[in-house]
Structures are given as C-alpha cells and as structure tokens.
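K.L.:
Structure of the sequence below:
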Amino acid sequence: MRSILIITLLSCFWAVYEAKVFSKCELARKLKTMGMDGYHGQSLASWVCMAEHESRFNTRAFNGKNDNGSSDYGIFQLNNKWWCKNGYRSSANGCGTTCSKFLDDDIDDDIICAKRVVRDPQGMSAWRAWVNNCQGRDLSKYLAGCKL
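P.N.:
Modelled structure (predicted):
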C-alpha cells in the first residue's frame, strides 16, 4: 500500500513538472483567443514563428547563457533583465512578475508579458530569433494546416 502511494505521488510530481510543448496550430489557436492576431501590427504567424525559434514551443524553455549574464524564460524566452525578476539579479521587471511564472504550462501570463514587450520601442525586435528568422519573411507556413 505504501509503495503504491509513493508511486502515485511521484507520478503526480512528474506530470506537474513535465513541460508542455505546443504544436504550432495549438499555439496559434491559444494566441488568437488571447487577441494576438494583429496585436501591435503583428500577425498571428509572426508570433508563432517567434515562439518556434525562441523555444520550439516549449513552456519550460530556459536559457541561462546570455552574454550579459541574464536569463530567458518560457515559451517566449522573456528576459529577467527587463521583464521579470528571478531573485538573483536586479531587474526592470516590466511585466511585474517572477520569472518562474513563465515556466509553467499556463501561458496566459506569458502572453500578457509578450504584449507588454511588443509595445516597447523595440517591438518584435526585442526577440533576436524573430529578427533572424521571421522579420520580412513569408510566414504562411506557420499557420498552414491550422483551422483557425
């Protein structure tokens, strides 16, 4: 009985800690419901492209190796120097939250923060992956096959 309880608890812990990896269409639908299609002049395909190249649609993506010592969190790789605080370094905390909030499967807060980022003067250029892979390109493949 005791071993069944331990196995059950461990499997619950594992399920909670597993990353959610969206499909491109699943993410596109979520972004659309959150008002991202056309938000601040950016197409839905542009947002999906950025997320693919920043995190491969992984909600738990983490990059702690930026040249300036900062780290990026979540599906949109939101940076702790500007957008969230992680408790280890000072932050402008433009989104008013902790970075750990961007590492769970609920991406509503990630989307709200991404909306804040794109309103900044840099806009989508805040995401290097967007500049290198999405800006000025045909992005139709990012929504191809999605029934939106």
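
K.L.:
residues touching the residue nearest to C84 when sequence neighbours are not counted, list them.
P.N.:
Nearest non-adjacent residue to C84, counting by Cβ to Cβ, 6 or more residues apart in numbering: C99, 4.0 Å away. The C-beta positions use only the backbone N, C-alpha and C, and glycine is treated the same way. Contacts for C99 (Cβ atoms under 8 Å, 6 or more residues apart in numbering) come out as S71, Y73, L78, N80, C84, K85, N86.

K.L.:
In contact with the third one: list those residues for me.
P.N.:
In this structure, L78 makes contact with D72, C84, C95, C99, F102, D110, C113, A114, V117, judged by Cβ under 8 Å, 6+ apart.

K.L.:
can you do 10 Å?
P.N.:
Neighbour list for L78: 54, 71-72, 84, 94-95, 97, 99, 101-102, 109-110, 113-114, 116-117, 126-127 [criterion: Cβ atoms under 10 Å, 6 or more residues apart in numbering].

K.L.:
What's the first helix or strand after the strand or helix carrying E52?
P.N.:
Assigned by DSSP states H and E, E52 belongs to helix 44-55. Tracing the chain past helix 44-55, the next element assigned as helix or strand by DSSP H and E is strand 62-63.

K.L.:
Rounded mean pLDDT for that following strand, please.
P.N.:
Taken as a whole, strand 62-63 has a mean pLDDT of 97.

K.L.:
Also stretch 101-114?
P.N.:
98.

K.L.:
Mind listing what's buried along it?
P.N.:
K101, F102, L103, D104, I107, D109, D110, I111, C113, A114 (16 or more other Cβ atoms under 10 Å).

K.L.:
what does stretch 138-148 give?
P.N.:
Buried, per 16+ other Cβ under 10 Å, within stretch 138-148: L139, Y142, L143, C146.

K.L.:
Run through who's touching it.
P.N.:
Stretch 138-148 is touched from outside by 23-29, 31-32, 37, 43-52, 133-134, with contacts defined as Cβ under 10 Å, 6+ apart.

K.L.:
Need the buried ones from the residues you listed selected in PyMOL.
P.N.:
Typed into PyMOL, the line below selects the buried ones among the contacts of stretch 138-148, using 16+ other Cβ under 10 Å:
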select buried, resi 24+25+27+28+29+31+32+37+43+44+45+46+47+48+49+50+51+52+134
